[in-house]
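>>> what would the 3D arrangement of this be:
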Amino acid sequence: MNREFMQDEERSVIKDRYFVSVQTLDYYGARVDHLEMLLNRGSVATAGDYIALFKKHYNVDAELKNVMPYMEFRVALPEPKGIRQITVLKIAKDITYQPITKI
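Here you go, the predicted structure:
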């Protein structure tokens, strides 16, 4: 198999912005947050994208727990009164986002 066409770097420089609504469940109760995620144009959000987003915003390591009806993630090593579970409620594309490209 010829692997010359396979590249390790990103294929697209242009990104699309999405708004993700997540519900975090912790010791004190539930809270809904709205996070921003950038994805390559034409790609779909995967579980790995969500895990990287949670690592960036909440500084927790999460693993996929359930897919239906909502994507639910369990925190691997929760702090005593920290976040226990993260549920992705919805994702919406920002159609007003204009990416800045270098000329």
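>>> skipping adjacent residues, who's closest to residue 37 in space?
Distance criterion C-beta to C-beta, 6 or more residues apart in numbering; nearest residue to residue 37, sequence neighbours excluded, is residue 18 at 4.8 Å. All C-beta spots, glycine's among them, are computed from the backbone N, C-alpha and C.
>>> nearest residue to the middle of this structure?
Closest to where the C-alpha atoms of the chain average out (C-alpha atoms, centre = their mean) is residue 50, at 2.5 Å.
>>> helix or strand right after the helix or strand containing that one?
In the assignment (DSSP states H and E), residue 50 maps to helix 47-57. Past helix 47-57, further along toward the C-terminus, the next helix or strand under DSSP H and E is strand 62-66.
>>> surely residue 35 is in a helix?
No: assessed with DSSP: H, G, I helix; E, B strand; the rest coil, residue 35 is strand; it does not lie in a helix.
>>> what is the neighbour count of it?
Residue neighbour count, defined by other C-beta atoms under 10 Å, stands at 17 for residue 35.
>>> do the one 10 residues further on as well
With neighbours defined by other C-beta under 10 Å, the count for residue 45 comes to 15.
>>> surely it is in contact with residue 91?
Yes: counting by C-beta atoms under 8 Å, residue 91 is a contact partner of residue 45 at 6.1 Å.
>>> common neighbours of these two, please.
Here residue 45 and residue 91 share the contacting residues 18, 20, 37, scored by C-beta atoms under 8 Å, 6 or more residues apart in numbering.
>>> I'd say the last one and residue 16 touch.
No: the pair formed by residue 37 and residue 16 falls short of the contact definition of C-beta under 8 Å, at 9.2 Å.
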